[in-house]
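With the input below, show me the fold.
(3 chains)
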Amino acid sequence: MDLFIIFISAAIVNNFVLSLFLGICPFLGVSNKTSSALSMGMAVTFVMVLTAIVSWILYFLILIPFKLEFLQIPSFILVIASLVQFVEMVIKKVSQPLYRALGIFLPLITTNCAILGLALLLSMREYSLIQSIIFGLGAGAGFTLALFIMAGIREELELTDVPKPFRGVPISLITAGLLALAFMGFAGMI
Amino acid sequence: MKKNKSLGYEYIKGLWEINPVFKQVLGMCPALAVTVSVMNGLAMGLATTFVLVFSSLLISSIRKFIPNQVRIAAFIVVIATFVTIADLVMKAKFPELSKALGPFVPLIVVNCLILGRQEAFSSKNNPLRSLMDALGNGTGFLIALVVMGGIREMIGSRTLLDYPILPAGFEPWLIMILPAGAFLTLGLLMGLANFYVDKKKRNQQQELIAKYRKPSTTLEIKGEEA
Amino acid sequence: MKIVIHMITTLTLIGVIVGGLLSEINDWASPLIAANQKAETEKAIFLVQPEGKSYETIPKTGIEIYRVYGADKNLVGYSMVSVGNGFQGKVKIMTGLSKDLSEINIIEILEQVETPGLGTKITEEPFKDQFKGLQTTPQVNWVKGKVPEQPNEIQTITGATISSKSVVTIINSGLAQARNLKERGVL
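Down below sits the predicted model:
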């Protein structure tokens, strides 16, 4: 039950993009096509789950016992960067089609604040390993959902007559605002 | 190529011409997340400027020693260090602010504005120039955050810097301090900024055309498709 | 090969310098941070026990709980810190309890990351004031959308039911532990 709440909370109620503002850059930058939004979302989810596992081990089994909490930020960011590199290499070796689908999104993930945000939040909330994995999964699902909905809306937006000063980023932000309002409706769920 | 521009220009350009939030659309996460009040915006802006200035100074001083292949890794480590310093100093000296900003101080490390300035400017220019550039961009970011914080605090909680400024009869718009309000405020502000830029551009064009036309002809210029 | 060595040495050098610098700054900052936290806790201890003049940490309890003494060194009650999950993250509450744990004096929210404007109302007076003089037997209860009738009930905040409920749950779990300690005579 507890795990289920963590999942739903990360995916919908406290959606990473729409209520915690993590991962706004890819949200505004990439989400032009639903298909690429889905691939990006999948790549992020995959890296998020791995990050959750690795950063949990790093923080609770290495940094805390050795009283090195002040190295948290540099070590997390380095781990994430090398993890992304590693994942890219493995995917390239193992599956060419998968690499073609996800490959170009992977380098972008390093500077995606949602990943670092995930690592920091799970250490702040002192989740257990299982909880962290579920949290990563939920956050990834929520990111994918937000990106996918946004991409769908933007496909339609291209055909509409938006006032000129609002074309591009401003109208995306306003759309995101309305989406965030809609997501607030889930607040009573848990 | 940039060497002929004055130091002052490197500073001034960050304020508006390439304002990080409104023009480069960088560093959106903190711009949206922490701006529920002027104070938070100010603190976040100052912390970011601190990290930006020192990272730029350091990176531009050692730029010739960093091999090209590992430059991003080196940049990130340097940035992460200054972020940790900022975080520790805030916790030690300003515990209230550190609490208000929560996990967003550590997240400065992935603020694309900082990495972006290192990649685009500091790794190619001397320390003095990089310092001016960093100060300018930092100030531009600070201004954007304070403006957003001001608008959201004023309408969302009826106060400015915790002083009630709107009459008590004004029912605060709760939505302004909720996540949705952040997106809407920034969207509208950016739209407004674009509107003024367009208008200025149109006026300039009109003047230019008027100069080369005979004064007797009346002109009618429609919106220029840029 | 030469490039690889250059790469590795540069990164190692940066790493070493950065690590050293950070540990220096950490050495400077950590006592200050600890002092800040202590000052804050002390302030909260007396905030929830207004008659308190001095306090004492109770060791070996497994929770953070303090004995608070009045002007003439008599026990006025206990200040207890309890932590739990709210709507978005950790909520940390300081509760002032009477000597026999049957009544709450005052509560203070030490830490929370609830939704601004909704969940954050748990830190505001109208909500916190409900706990003044609240009975704790058998436990604290909440009611939604109506005025509380029992002396151990509080009303949840509209739009922030989950945050309000978590405050009650956190206080109750702290109370259960405190009662347990009382029975064992540790308090």
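
Neighbours of the residue lying closest to residue A:106 once chain neighbours are set aside, how many?
Leaving out its chain neighbours, the residue that sits closest to residue A:106 by Cβ to Cβ, 6 or more residues apart in numbering or on different chains is residue A:88, at 4.6 Å. For every residue, glycine as well, the C-beta is placed using N, CA and C. A total of 19 residues lie near residue A:88 under the criterion other Cβ atoms under 10 Å in any protein chain shown.

So which bits of the helix or strand encompassing residue A:88 are buried?
Per DSSP states H and E: residue A:88 is located in helix A:72-94. Across helix A:72-94, burial judged by 16 or more other Cβ atoms under 10 Å in any protein chain shown covers A:72-81, A:83-84, A:87-88, A:91.

That helix: how far from the chain's middle?
In terms of Cα atoms, centre = their mean, to the nearest Å, the centre of helix A:72-94 is found 15 Å from the chain centre.

what's the very next helix or strand once past it packed up against?
Per DSSP H and E, helix A:72-94 leads on to helix A:96-102 as the next helix or strand towards the C-terminus. Secondary-structure packing of helix A:96-102 (3 or more Cβ pairs under 8 Å, 6 or more residues apart in numbering or on different chains; DSSP states H and E): helix A:34-56, helix A:72-94.

In terms of secondary structure, what does the last one contact?
When you say that, I think you mean helix A:72-94. Helix A:72-94 packs on helix A:34-56, helix A:96-102, helix A:106-109, helix A:113-124, helix B:71-93, going by 3+ Cβ pairs under 8 Å, 6+ apart.

May I have the second one exported as CSV, CA atoms only?
Going back to what we said before, that points to helix A:96-102. Extracted in CSV, the C-alpha atoms of helix A:96-102 (Å, rounded to 0.1, in the frame of the first residue of the first chain):
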residue,chain,number,x,y,z
GLN,A,96,20.7,-1.4,-32.6
PRO,A,97,17.0,-0.6,-33.0
LEU,A,98,16.7,0.4,-29.4
TYR,A,99,19.8,2.6,-29.8
ARG,A,100,18.3,4.3,-32.8
ALA,A,101,15.1,5.0,-30.8
LEU,A,102,16.6,6.2,-27.6
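
one step back: mean pLDDT for the helices and strands packed on helix A:72-94: which is lowest?
Of all these, mean pLDDT reaches its minimum on helix A:106-109 (a mean of 70).

buried residues in stretch A:19-38?
Buried, per 16+ other Cβ under 10 Å, within stretch A:19-38: A:19-28, A:30-31, A:34, A:36-37.

And for stretch C:123-135?
Applying 16+ other Cβ under 10 Å to stretch C:123-135 flags C:123, C:127, C:128, C:130, C:131, C:134 as buried.

Which one of the residues you listed is nearest to chain B?
Closest approach to chain B among these (Cβ to the nearest Cβ): residue C:123, at 11.7 Å.

residues contacting the residue in chain A that chain C sits nearest to?
As assessed by Cβ to the nearest Cβ, chain C sits closest to residue A:70 within chain A, at 4.0 Å. Residues in contact with residue A:70, defined by Cβ atoms under 8 Å, 6 or more residues apart in numbering or on different chains, are B:84, B:88, C:22, C:23, C:25, C:26, C:30.

If we check chain A, which of those residues are in contact?
Among these, proximity to chain A is found for B:84, B:88, C:22, C:23, C:25, C:26, C:30 (Cβ under 8 Å from any Cβ of the partner chain).

could you list every residue that touches the residue nearest to the second one when sequence neighbours are not counted?
Put plainly, it is residue B:88. Of all residues not flanking residue B:88 in the chain, residue C:29 sits nearest, at 4.0 Å (Cβ to Cβ, 6+ apart). Shown in contact with residue C:29 (Cβ under 8 Å, 6+ apart): B:88, B:89, B:91, B:92.

What is the subsequent helix or strand relative to the helix or strand hosting residue C:29?
Under the criterion of DSSP H and E, residue C:29 resides in helix C:2-48. On the C-terminal side of helix C:2-48, the closest following helix or strand by DSSP H and E is strand C:54-57.

In its sheet, which strands sit next to whatever helix or strand comes next after that next one, and in what direction?
Counting by DSSP H and E, the element after strand C:54-57 in chain order, helix or strand, is strand C:64-69. Strand pairing for strand C:64-69, determined by DSSP bridges: strand C:54-57 (antiparallel), strand C:75-85 (antiparallel).

and the ones you listed, which is most packed in?
Among the strands paired with strand C:64-69, ranked by average contacts under mean count of other Cβ atoms under 10 Å in any protein chain shown, first place goes to strand C:75-85 (a mean of 21).

Just the C-alpha atoms of that one, please, in PDB.
Provided in PDB are the C-alpha atoms of strand C:75-85 (Å, rounded to 0.1, in the frame of the first residue of the first chain):
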ATOM      1  CA  LEU C  75       8.400  19.500  35.900                       C
ATOM      2  CA  VAL C  76       5.800  21.400  33.700                       C
ATOM      3  CA  GLY C  77       5.600  18.800  30.900                       C
ATOM      4  CA  TYR C  78       7.300  17.300  27.900                       C
ATOM      5  CA  SER C  79       8.300  18.600  24.500                       C
ATOM      6  CA  MET C  80       8.300  15.900  21.900                       C
ATOM      7  CA  VAL C  81       9.600  15.900  18.300                       C
ATOM      8  CA  SER C  82       7.800  13.500  15.900                       C
ATOM      9  CA  VAL C  83       8.400  13.000  12.200                       C
ATOM     10  CA  GLY C  84       6.300  11.400   9.600                       C
ATOM     11  CA  ASN C  85       5.200  11.800   6.000                       C
END
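
what angle do it and helix C:2-48 make?
140 degrees (axes from the mean of the first three to the mean of the last three Cα atoms, to 10 degrees).

contacts for strand C:75-85?
So strand C:75-85 is contacted by A:125, C:41, C:44-45, C:48-49, C:51-52, C:55, C:63-70, C:90-99, C:101, C:105, C:110, C:166, C:169-171, C:173-174, C:177-178, C:187 (Cβ under 8 Å, 6+ apart).

Centre of the chain to whichever helix or strand comes after it, how far?
Following strand C:75-85 in sequence order, the next helix or strand is strand C:90-97 (DSSP H and E). Offset of strand C:90-97 from its chain centre (Cα atoms, centre = their mean): 4 Å.

And strand C:90-97, what does it pack against?
helix C:2-48, strand C:75-85, strand C:104-111, helix C:161-183.

Same question for it: list its buried residues.
C:90, C:91, C:92, C:93, C:94, C:95, C:96, C:97.

residue contacts, the closest residue to the second one other than its chain neighbours?
Leaving out its chain neighbours, the residue that sits closest to residue C:91 by Cβ to Cβ, 6+ apart is residue C:112, at 4.8 Å. Contacts of residue C:112 were listed using Cβ under 8 Å, 6+ apart, and they are C:86, C:89, C:90, C:91, C:92, C:119, C:120, C:122, C:123, C:163.

Just the pLDDT for residue C:112.
83.

and what of the one 4 residues further on?
At residue C:116 the predicted local distance difference test score is 69.

so how far is the first residue of stretch A:63-72 from its last?
One end of stretch A:63-72 to the other measures 7 Å (Cα to Cα, to the nearest Å).

Check chain B for its longest helix and report it.
helix B:179-212 (DSSP state H).

and it, what other elements does it pack with?
Short answer (3+ Cβ pairs under 8 Å, 6+ apart): helix B:179-212 packs on helix A:169-184, helix B:28-33, helix B:127-157.

circling back to that earlier point, compare the contacts of residue C:29 and tell me which is most surrounded.
residue B:88 (21 neighbours).
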